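J.: next input, structure requested:
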Amino acid sequence: MRIEERYRGIIAWFSEHMPVAESELHYENPYQLLVAVILSAQCTDKRVNITTPALFERFPTPQAMAEASAEEIYPYIKSISYPNNKAKNLAAMARKLVSEEFGGVVPDDVDRLQQLPGVGRKTANVVAAVIYNKFVMPVDTHVFRVSARIGLSVGAKTPLQTEQQLTRHIPAHLLPIAHHWLILHGRYICTARAPKCAECGIAPWCKYHQKAESATEKEH
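T.: Below you'll find the predicted structure:
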């Protein structure tokens, strides 16, 4: 199967069966999403959502968090992975965000977002896509793994290489929702250890499924 055909089939299936796909992180404004995404690195969205209500009650604005030290933030996020580093990043991020340069406003530009402490390319792309509907493709562990398995990325060794391949083939206006398609698919169907191929709607276009079927046919 040519890769163009694979993309067409998968995009068409998701467009029909998952016309609405959104972040599972809980947030009410750009500041809250930025904090939640920073916390979500190597941590589940479920755990982040358990943690953030008390955090946001104590630090409801960037200004409130900017006045806090990492030591003051730590107790609120200690159940999250890497809490020491993330507490330092949140304190530094908030101070930078309320500086004259940013004026307390979460920017919509990926490059400017990455100037904030603790914000890498994936986090910047998530905020730009989810809040501002920018035509960017965040690549987290789910997107990286699923794209390779189903055949949307070929030989990509880094998240950036995966991002470049996906943005080359997916229509720009679909990139923000396609990010969620791949994350949710990886979280609930195309799981890392035991993909649920029997339940998978995109199996007809999936490279992994095709290989498995060919191996079964050879055995018989």
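
J.: CA only for contacts and neighbour counts going forward, please
T.: Noted.

J.: contacts only, for the closest residue in space to K134 that isn't next to it in sequence.
T.: The shortest distance from K134 to any non-neighbouring residue, by Cα to Cα, 6 or more residues apart in numbering, is to A128 (5.4 Å). A128 sits next to D108, D109, V110, K134, V136 when contact means Cα atoms under 8 Å, 6 or more residues apart in numbering.

J.: P171: neighbour count?
T.: Look at P171: counted by other Cα atoms under 10 Å, it has 12 neighbours.

J.: just give me the neighbour total for V35.
T.: The tally of other residues near V35 (other Cα under 10 Å) stands at 24.

J.: repeat for the one 10 residues further on
T.: D45: 18 surrounding residues under other Cα under 10 Å.

J.: list the contacts of it.
T.: With Cα under 8 Å, 6+ apart, D45 has these contacts: E24, L25.

J.: now it: how far from G186?
T.: 13 Å (Cα to Cα, to the nearest Å).

J.: quick one: mean pLDDT over the helix or strand where the residue nearest to K134 lies.
T.: For A128, the host element (DSSP states H and E) is helix 121-132. On average, the pLDDT along helix 121-132 is 96.

J.: outline the domain layout of this protein.
T.: What automatic domain parsing lists as the domains of the chain is 3-21+137-219, 30-132.

J.: show me where pLDDT drops low in this protein?
T.: Applying pLDDT under 70 to the chain flags the ranges 216-220.

J.: hey, where'd the helices end up in this protein?
T.: 3-17, 30-40, 45-58, 62-66, 70-77, 83-97, 110-113, 121-132, 141-150, 159-169, 175-188, 207-219 (DSSP state H).

J.: picking that back up, for the domains of the chain, which one ends up most surrounded?
T.: Mean neighbour count, computed with mean count of other Cα atoms under 10 Å, is highest for domain 30-132 among the domains of the chain, reaching a mean of 18.

J.: endpoints of that domain, how far apart?
T.: OK, domain 30-132 end separation, Cα to Cα: 9 Å.

J.: now that domain: how far from the chain's centre is it?
T.: Chain-centre distance of domain 30-132: 15 Å, with Cα atoms, centre = their mean, to the nearest Å.

J.: same question for stretch 206-217.
T.: Centroid displacement of stretch 206-217 relative to its chain, using Cα atoms, centre = their mean, is 28 Å.
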